[in-house]
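Undergrad: compute the structure for the input listed below.
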Amino acid sequence: MSYHDVKRKRREKRNQILIAILLSFILLGSMLGVMLNQDEQTFKYKNYKFKVSDQGYTSKINGKVFYFNYLPNNIEEFEIPEEYCQKLRTASQINLLFEPETRSSALIDVIRLDIKDNYNQEIISSITEESTKYTMYEVMSCDNATALTPIIFFKEGNNVSLEIENNCLIAQAKDRNFLVFRDRILYCYTGVM
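TA: Below you'll find the predicted structure:
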């Protein structure tokens, strides 16, 4: 092999190594760029930021992280007067009233536990009629609601609606639609909406 052939092979080898290194840097740079630009998807509502998470949406409100199934702008149609929201925030306790013998009672149980975890007030529960399943709860109605103990009544029905009667918020829905009201009431309580 001649001197020129050896020199040419070395140059080709060196060029191949340089190209491989350059391609590696480009590949590594594009992977890093994708990873760094893969910011959590965020949404803004008024002064609040919501991030997409595997549990739905999260937002830090008054120093505490809350989880939501729906963004506020997706459930604005369900209005709760600010006066009632203020009652929830200042009440000494909040009563969660529900129908014990419905298909949605298991989901309402989950929502009731969630409310206990997220609200600062004492949370009590009551039922609309005697039940062998919920023997420890008192039977009540919206007539028992007061300013110091407002009631949130989870009522199963085909209509999806929110109504207020005196100090009683009636959230009527069925099955997973109760999650809309869970979020809407929590937005009201935290002052987001």
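Undergrad: now for residue 114: which residues touch it?
TA: Residue 114 sits next to residue 182 when contact means CB atoms under 8 Å, 6 or more residues apart in numbering. To be clear about C-beta, it is placed using only N, CA and C from the backbone, and glycine gets the same treatment.
Undergrad: quick check: pLDDT value at it.
TA: Residue 114 carries a pLDDT value of 95.
Undergrad: do residue 34 as well
TA: The confidence metric pLDDT takes the value 50 at residue 34.
Undergrad: same deal with the one 5 residues further on?
TA: Model confidence at residue 39, given as pLDDT, is 54.
Undergrad: quick one: residue 123 is in a helix?
TA: No - counting by DSSP: H, G, I helix; E, B strand; the rest coil, residue 123 is not found in a helix; it is strand.
Undergrad: count of residues packed around it?
TA: Neighbour count for residue 123, taken as other CB atoms under 10 Å: 17.
Undergrad: cool, and residue 109?
TA: 13.
Undergrad: identify each buried residue in the helix or strand containing it, please.
TA: Take DSSP states H and E as the rule and residue 109 turns out to sit in helix 105-118. Residues of helix 105-118 classed as buried by neighbour count (16 or more other CB atoms under 10 Å): 105, 107, 108, 111, 112, 115, 118.
Undergrad: low-confidence ranges, the protein, go.
TA: 1, 15, 18, 20, 22-40 (pLDDT under 70).
Undergrad: redo that, cut-off 90
TA: Across the chain, the ranges flagged by pLDDT under 90 are 1-41, 53-55, 62, 159, 166, 174-176.
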